[in-house]
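Student: requesting a structural model of the entry that follows:
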Amino acid sequence: MKEKIIILKILRPLIRFVSKYVLCAEFYGTENIPKSGGVILAGTHTHIFDCLLLISIPNRIPHFLVKKELYKSKIGAWFFGNSGTIPVDRSKKNPDAMKNAKDCLNNNKVIAIFPEGTINRSENNLLPFKYGATKLSIDTKSVIVPFVISGKYKFFRKSVSITFLKPLNIDDDIVKYNNNLMTVIEKEIVRRKNEKK
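Tutor: Have a look, this model is predicted:
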């Protein structure tokens with residue numbers, strides 16, 4: 001897949017400014033993100049603003065898998081098509097999306113995935129994880145760096161943070177690997193909640 005991130009490159013300084021000074025987001029564990037090679041960032045999805053935090057990480061520019069509906073209009077197709085996103089049809093299997101994501105990783109890029117598949121509006125810490133992140137990791141031998149977004153988004157107040165955990169060891173047992181990813185993330189969610197008590 002030919003990389004098209006011109007819009008993201010133009011907007012990234014503004015997005016980083018907004019993350020730091022408007023959302024007042026705090027970043028932890030960015031040193032756990034490898035500076036080279038294919039990397040999958042996989043973690044919680046709490047709000048539409050989550051993507052802004054991921055775009056703001058130092059050094060690496062993430063590509064996102066997004067619902068194909070965002071490509072429906074001409075403006076949407078142009079904007080998202082030039083922002084490093086990969087369209088996904090959530091109603092069926094996506095061989096093209098998976099191929100494009102693999103191409104990114106095999107070309108030493110970063111993919112950001114929310115394994116829950118949607119924003120978690122439930123009372124549970126996590127929704128069941130889909131297997132996209134772990135399958136991509138196994139197929140491309142790319143490490144997964146789990147992340148947890150904590151808190152609520154409030155303008156001009158320190159209220160939200162993103163924590164990147166240590167990369168997981170790749171496991172060819174996809175069920176075990178996926179469960180391990182969920183466990184690591186849930187432990188961090190619980191730890192962060194306990195810190196606030």
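
Student: what's near enough to touch the residue most central in space within the chain?
Tutor: Closest residue to the average C-alpha location of the chain: Ala112 at 3.0 Å, with C-alpha atoms, centre = their mean. Counting by C-beta atoms under 8 Å, 6 or more residues apart in numbering, Ala112 touches 40-42, 51, 54, 62-65. Using the backbone N, CA and C atoms, a C-beta is placed for each residue, glycine as well.

Student: just the residues contacting the longest strand belonging to the chain, thanks.
Tutor: Criterion DSSP state E: the longest strand present in the chain is strand 143-151. In this structure, residues lying in contact with strand 143-151 by C-beta under 8 Å, 6+ apart are 29, 32-34, 37-47, 50, 53-54, 133-134, 137, 159-168, 170, 181, 184-185, 188-189, 192-193.

Student: what are the pairing partners of it, and which direction each?
Tutor: strand 39-43 (parallel), strand 160-164 (antiparallel) (DSSP bridges).

Student: quick one: distance of that strand to the chain centre.
Tutor: The chain centroid and the centroid of strand 143-151 are separated by 8 Å, computed with C-alpha atoms, centre = their mean, to the nearest Å.

Student: pull out the buried positions in stretch 159-179.
Tutor: The neighbour-count check on stretch 159-179 (16 or more other C-beta atoms under 10 Å) flags 160-165, 167-168, 171, 177-178 as buried.

Student: ok, the residues you listed vs Ile86, which is closest?
Tutor: Asn178 (20.2 Å; C-beta to C-beta).

Student: verify the contact between Leu23 and Ile162 for me.
Tutor: No. Checked against C-beta atoms under 8 Å, the pair Leu23 and Ile162 is beyond contact range at 10.4 Å.

Student: report the set of residues contacting both of the two.
Tutor: Leu53.

Student: surely Ile55 touches Phe49?
Tutor: No. When contacts are counted by C-beta under 8 Å, Ile55 is not listed as touching Phe49 (10.4 Å).

Student: what about these two, which has more around it?
Tutor: Ranked by neighbour count (other C-beta atoms under 10 Å), Ile55 and Phe49 place Ile55 first, with 21 against 15.

Student: compare the strands paired with strand 143-151 and give me the one nearest Lys92.
Tutor: strand 39-43 (21.6 Å).

Student: following element in sequence after that closest one, please.
Tutor: Once the chain leaves strand 39-43, the next helix or strand it forms, by DSSP states H and E, is helix 50-55.

Student: so which elements touch that following helix?
Tutor: If contacts are counted by 3 or more C-beta pairs under 8 Å, 6 or more residues apart in numbering; DSSP states H and E, helix 50-55 sits against helix 6-17, strand 62-67, strand 143-151, strand 160-164.

Student: let's see 10 Å
Tutor: helix 6-17, strand 39-43, strand 62-67, strand 110-113, strand 143-151, strand 160-164 (3 or more C-beta pairs under 10 Å, 6 or more residues apart in numbering; DSSP states H and E).

Student: distance to Lys99 and mean pLDDT added to these, as TSV?
Tutor: Shown next, in TSV, are the helices and strands packed on helix 50-55 (distance: least, C-beta to C-beta, whole Å; pLDDT from 0 to 100):
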stretch	distance to Lys99	mean pLDDT
helix 6-17	21	88
strand 39-43	15	97
strand 62-67	12	87
strand 110-113	13	95
strand 143-151	19	96
strand 160-164	27	96
